[in-house]
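Colleague: Next come a sequence and a model predicted from it.
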Amino acid sequence: MSDPSIWDLSRTALLTIDLQNDFLHAEGAYGRAGQSAASIAALPHRIAPLARALQTKGGRYFSAQFTLVPDKDGEPLIASHLKELRPFLGKGDFAPGSFGHTLIDILQPADFVIEKVAYSAFFQTRLEYLMRATGIDHLIVGGIVTNGGVASTIRDAHLRNIETIMLTDGCAAFKAEVHEATLLSLGTVTKQMSCAKALALIEGTS
């Protein structure tokens, strides 16, 4: 893996995973169901300065957003295992164009929104096309959850020879021990650093 300090920032993108109202806002699907964690709620304020700094330097901000596609009756097309895990999910949740599907306010604007229907931001999405079209070679990755969408996306990037930085305090899980175990398991496939260190790298003060 190359040294991130020599990355061309104009060819680098911040990629956040699932930082949407339905996960994070009190009136979103998870908030209404009482499913929240302080470590997750803290992420947008920690990541927002990186998005603005990288955009200022000519880089991009991609927001990958979990999507439940509505069927013709409006009910979401939802995998059986997810329905079992999250029985509170229903009509309108994570629907494209809805309040819940939208990127949380403090992180807006993203340069591109990527709808995703599974854990990885690469699986059956337009992410690779957007990277090629905008000249992006490297990704700085954060979001939720560490052991789910973040880990799957980073491993898929590694399989594609795309170098990444994983934001150690820019992602979170519902359990701290799961977060820490995932960081350890991914140490061989990605660079890892805090949001503060990544921001200093972008701003040229590291």
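Modeller: Alright, I've got the coordinates. Numbering: from 1, shown residues only.

Colleague: helix, strand or coil for P96?
Modeller: Classification of P96 using DSSP: H, G, I helix; E, B strand; the rest coil returns coil.

Colleague: Can you tell me the number of residues neighbouring it?
Modeller: Using other CB atoms under 10 Å, P96 has 13 neighbouring residues. Heads up, the C-betas are built off the backbone N, CA and C, glycines and all.

Colleague: pretty sure F66 is touching Q20, no?
Modeller: Yes. Using CB atoms under 8 Å, F66 is in contact with Q20, at 6.7 Å.

Colleague: and for these two, which residues touch both?
Modeller: F94 (CB atoms under 8 Å, 6 or more residues apart in numbering).

Colleague: Give me the more crowded residue out of these two.
Modeller: A count of neighbours by other CB under 10 Å puts Q20 above the other of F66 and Q20, at 29 against 24.

Colleague: So that one versus I202, what's the distance?
Modeller: 24 Å (CB to CB, to the nearest Å).

Colleague: what do you get for S2?
Modeller: Counting by CB to CB - S2 and I202 are separated by 16 Å.

Colleague: Can you pick out the residue with more neighbours from these two?
Modeller: Neighbour count, other CB under 10 Å: between S2 and I202, I202 has more, with 25 against 10.

Colleague: how about that one, secondary structure?
Modeller: helix.

Colleague: ok, it touching R52?
Modeller: No. In terms of CB under 8 Å, I202 does not count as a neighbour of R52; the distance is 9.7 Å.

Colleague: Could you export the strand ranked longest in the chain as PDB, CA atoms only?
Modeller: Ranked by number of residues, the top strand in the chain under DSSP state E is strand 163-172. Presented in PDB, the C-alpha positions along strand 163-172 are these (Å, rounded to 0.1, in the frame of the first residue of the first chain):
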ATOM      1  CA  GLU A 163      -6.200   1.800  -2.000                       C
ATOM      2  CA  THR A 164      -8.200   3.000   1.000                       C
ATOM      3  CA  ILE A 165      -7.900   4.800   4.300                       C
ATOM      4  CA  MET A 166     -10.200   3.500   7.000                       C
ATOM      5  CA  LEU A 167     -11.200   6.200   9.500                       C
ATOM      6  CA  THR A 168     -10.800   4.500  12.900                       C
ATOM      7  CA  ASP A 169     -13.000   7.000  14.700                       C
ATOM      8  CA  GLY A 170     -15.100   7.800  11.600                       C
ATOM      9  CA  CYS A 171     -16.900   4.500  11.700                       C
ATOM     10  CA  ALA A 172     -18.800   2.800  14.500                       C
END
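
Colleague: Helices along this structure, start to end?
Modeller: Ranges of helices in the chain, per DSSP state H, are 21-24, 29-32, 38-41, 43-56, 80-85, 127-134, 151-159, 176-185, 195-203.

Colleague: which of those helices is buried the deepest?
Modeller: The highest average neighbour count among those, using mean count of other CB atoms under 10 Å, belongs to helix 21-24 at a mean of 24.

Colleague: pretty sure A110 contacts Y61?
Modeller: Yes. A110 lies in contact with Y61 (CB under 8 Å); the separation is 4.9 Å.

Colleague: Show me which of the two is the more surrounded one.
Modeller: Set A110 next to Y61 and count neighbours by other CB under 10 Å: Y61 wins out with 23 against 20.
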